[in-house]
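Visitor: need a structure here:
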Amino acid sequence: MNRDSTPGSRAPWALGIDIGGTFTDIVLHNERSGAVCSHKELTTPADPAQGVLAGIGVLFGREGIEPAEVGRIVHATTLFTNALIERKGAQTGLITTAGFRDVLEIGTERKYELYDNFIRMPEPLVRRSLRIDVAERMAPDGSVEVALDEAAVIEAGRLLLGRGVQSVAIVFLHSYAHPAHERRARDLLQAEFPELFVSISSEVIPEIREYERTSTTVANAYVKPLASRYLGDLEARVRGLGIDAGIFMMLSSGGFTHVDEARRVPVQLLESGPAAGALSAAYFGNRSNRHALLAFDMGGTTAKLAMIDDGQPTIAYKFEAARERRFRPESGLPLSITTIELIEIGAGGGSIASVDGVGLLKVGPQSAGASPGPACYARGGTDPTVTDAALLLGYLDPHSFANGTIAISEDAARKAFAPLGDATGLDALELAWGVYDVVNENMAGAARMHIAENGKDPRRYALLATGGGGPLHACAVARKLGISQVICPPSAGVASAVGLLVAPVRVDRSVSIARAMRELDWDVLEKQYRELEDDAKQVSAASGAGASVTIRRAADIRYVGQGFELVIDLPAGPYDQSCLPVILECFEEEYRRIFRRTPQSEAEIINIRVSVQAPALHASSGLTHQEAEAGAEALKGTRTVCFGTGGARVAANVYTRALLGAGSEIAGPAIIEEPVSTLVVPPGGRVAVDMSGNLIVTLEASRMNQDGEYRDARATV
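Guide: This next block holds a predicted model:
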């Protein structure tokens, strides 16, 4: 455990660190005064901690903050997700029940493209030669059908080590309910081979379904050595700066936990960065009394979209990593983890534009990333990217980009677009608008699909834009979706890192029980819930939660004979026989909401779940951002920008966001700049600054004259 495990207990500043594919975002929040300051540093893929330390040094030096003033650190990273996608995790082995060696390849025996004769299924993380089955078998009722062959377990460990394996997953049949064999096998391996990392399914994901349980445990084993090394190295280097604070890790579920729990089950961290972005969107939306939001987060490599209803992001209990086809379910590695539900789109500032074989303009999913980055960064990149297009369109200021820490070159961007011009016969400005419009349509199209799959209408939502690229594209994406309102929070470019600092302590636990409702032993059910709650409360206490925690119970319920369940929120316990009608009513109400009818059949509970949460902020002040100086002029000047095909240009006023006080109003076209992001307001849009500091953009139909140019619309403050 860290020496200081109570957030905010020793010093006033909290530090949020979010490592993305292109930028590492660093935010400092004073938990006494509420003050916030931030910095963006280019990510260093070869050594992510290097970019973190460099960014911390810049921010501390700029703000005059001493390392000893930091009381807690909350961290999110894409490192483990990228390891899965790029197959750069540890050499991993699998020890399983005799006869179940090929579960990873058999899967569910379903093709995600039924008629594709050349379909490519996700490649298992463990090749067949590193999967060993051993004699053992537990029955569903816990009786031992075949005793564990302990000598075979030790021999399997010796064989795997000899083949270069660093980490082992142990997955035995029915261990979700009866883990004795798995625990014994783990103890044997750790005693005989202490250098071996071991993950057992009964600790990672004690739920039914062999393929999903095996896939999740293997993924945990695959990234566990990487997580252990990285977190240990980061902790040591942060201590070397003089920061003696607790380090906590963001979870995919939208909460954080202590670093030791993250080392134990790193698979829980895969979507930590996007989850923080969704939490940040919910936080800032609630401050403006907007509770139905599409959280749109666009960074340098990808864009993410999450739906927020009633002020809370949607939670899912399944996730697919490393999909062969981005929008095709069951084309990736299934992982049974608790996560904020979102979609990820291969569209970011570094997305590369190209022309395909039939002359059509394509954008992404290939990205220039942080190294070499977009061409305009002049760091070796030569491919035209979305950021280059935004610069050519006039949306970005070369002198103030990323708070002046990165010099960007319009000449380099124009040079990168030259080959596309030769291929299409279009000039650089027309191509830049085409790239901007295509990437916006890519994101809007993915959003339409996601929203429709959830049975929702995008027009009832406001679009809240975060990330370095979100405000640049938000109004255009909103118009394509028929959304009339866009919200841009303060420090939008580092909102995921801000989300780390408003995240609650959260611990989720689950276990399979697979019982028909009429067969439930209610005393046993209550005991099982209590055991999960006690375990979760221990971890939350170690993560800094006080005595005031919120406990939520849920269950996966289905009708007998069905193959999949609905996750149903349940009332608080304790439970007894009298609770049966209440639980059935909760299930039937949700079933009718989704399917419009309920079959006349018996219901059964498959999994039970608990979630323990502690309050997010440890200071009453919340987050406050720099206020406008009295009498200061927000209008910086004007810039000629492009808002359409044919190279149509319009003069847009340019504003410094920090100088726009609450109550200010602006008419588009306008550019509103802050150190970490730029908001583009098209003609017909109007901006109001609300009391929370959010920019509220109301979009109207575009107004063009007969020549196809936008009418002039001057902004006033």
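Visitor: going by C-alpha atoms from here, please, whenever you check contacts or count neighbours.
Guide: Fine.
Visitor: quick one: low-confidence ranges for the protein?
Guide: Per-residue confidence of the chain (counting by pLDDT under 70) places the weak regions at 1-10, 326-327, 404, 616-632, 645-647, 701-717.
Visitor: if I pick the spatially most central residue of it, what's in contact with it?
Guide: The geometric centre of the chain, computed from its C-alpha atoms, lies nearest to residue 274 (C-alpha atoms, centre = their mean), at 2.0 Å. Under the criterion of C-alpha atoms under 8 Å, 6 or more residues apart in numbering, the contact list for residue 274 reads 252, 297, 304, 496.
Visitor: CSV for those, including neighbour count and distance to residue 343?
Guide: Supplementary listing: these in CSV, determined by neighbours: other C-alpha atoms under 10 Å; distance: C-alpha to C-alpha, whole Å:
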residue, neighbour count, distance to residue 343
252, 26, 13
297, 29, 10
304, 27, 6
496, 32, 16
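Visitor: picking that back up, three-state assignment of the residue nearest to the centre of the chain?
Guide: Classification of residue 274 using DSSP: H, G, I helix; E, B strand; the rest coil returns helix.
Visitor: and stretch 93-102, end to end?
Guide: Across its full length, stretch 93-102 reaches 13 Å between end residues, using C-alpha to C-alpha, to the nearest Å.
Visitor: what about the strands in the stretch 401-550 of the chain?
Guide: Listed in chain order, the strands of the stretch 401-550 of the chain (DSSP state E, counting those that start in this stretch) span residues 462-466, 485-488, 505-516, 550-559.
Visitor: can you check the stretch 151-300 of the chain too?
Guide: Secondary structure of the stretch 151-300 of the chain (DSSP E, counting those that start in this stretch): strands located at 167-171, 197-200, 246-250, 256-258, 293-298.
Visitor: which other helices and strands does the shortest one contact?
Guide: Packing partners of strand 256-258 (3 or more C-alpha pairs under 8 Å, 6 or more residues apart in numbering; DSSP states H and E): strand 246-250, strand 505-516, helix 522-542.
Visitor: quick one: contacts of that strand?
Guide: 1, 5, 74, 247-251, 500, 503-507, 539-540, 542-543.
Visitor: do the first one as well
Guide: Residues from elsewhere that reach strand 167-171 (C-alpha under 8 Å, 6+ apart): 90-97, 182, 185-186, 196-202, 213-214, 217-218, 221-222, 224-225.
Visitor: if we can go back for a sec, out of the strands of the stretch 401-550 of the chain, flag the one nearest residue 102.
Guide: For the strands of the stretch 401-550 of the chain, proximity to residue 102 was assessed by C-alpha to C-alpha; strand 505-516 is nearest, at 22.9 Å.
Visitor: who does that closest one touch, helix- and strand-wise?
Guide: Using 3+ C-alpha pairs under 8 Å, 6+ apart, strand 505-516 is in contact with strand 256-258, helix 522-542, strand 603-614.
Visitor: possible to save those as CSV with distance to residue 161?
Guide: Shown next, in CSV, are the helices and strands packed on strand 505-516 (distance: least, C-alpha to C-alpha, whole Å):
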stretch, distance to residue 161
strand 256-258, 30
helix 522-542, 32
strand 603-614, 35
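Visitor: any idea which of the ones you listed is most buried?
Guide: With neighbours defined as mean count of other C-alpha atoms under 10 Å, the helices and strands packed on strand 505-516 peak in mean count at strand 256-258, which reaches a mean of 27.
Visitor: to residue 649, which of the helices and strands packed on strand 505-516 lies closest?
Guide: Going through the helices and strands packed on strand 505-516 one by one, with C-alpha to C-alpha as the measure, strand 256-258 comes closest at 46.6 Å.
Visitor: picking that back up, inside helices: which ones of the contacts of strand 167-171?
Guide: With helices defined by DSSP state H, the entries of these inside them are 182, 185-186, 201-202, 213-214, 217-218, 221-222, 224-225.
Visitor: ranking these by neighbours, who comes first?
Guide: With neighbours defined as other C-alpha atoms under 10 Å, the most crowded of these is residue 221; it has 33 neighbours.
Visitor: next, find the distance separating that one from residue 265.
Guide: Using C-alpha to C-alpha, one gets 9 Å for the distance from residue 221 to residue 265.
Visitor: can you check residue 432 too?
Guide: According to C-alpha to C-alpha, residue 432 stands 44 Å off from residue 265.
Visitor: of the two, which one has the most company?
Guide: It is residue 432, of residue 432 and residue 265, that has more neighbours when counted by other C-alpha under 10 Å, with 29 against 20.
Visitor: who are the contact partners of the more buried one?
Guide: With contacts taken as C-alpha under 8 Å, 6+ apart, residue 432 has the following neighbours: 386, 388-390, 392-393.
Visitor: let's see it at 7 Å
Guide: Residues in contact with residue 432 (C-alpha atoms under 7 Å, 6 or more residues apart in numbering) are 389, 392-393.
Visitor: residue 228: neighbour count?
Guide: Using other C-alpha under 10 Å, the number of residues around residue 228 comes to 17.
Visitor: give the contact list for it.
Guide: With the criterion set at C-alpha under 7 Å, 6+ apart, residue 228 makes contact with residue 263.
Visitor: ok, it to residue 90 distance?
Guide: 11 Å.
Visitor: same check on residue 591?
Guide: 42 Å.
Visitor: can you check residue 593 too?
Guide: Separation of residue 593 from residue 90 (C-alpha to C-alpha) stands at 44 Å.
Visitor: same check on residue 458?
Guide: Relative to residue 90, residue 458 is positioned 42 Å away (criterion: C-alpha to C-alpha).
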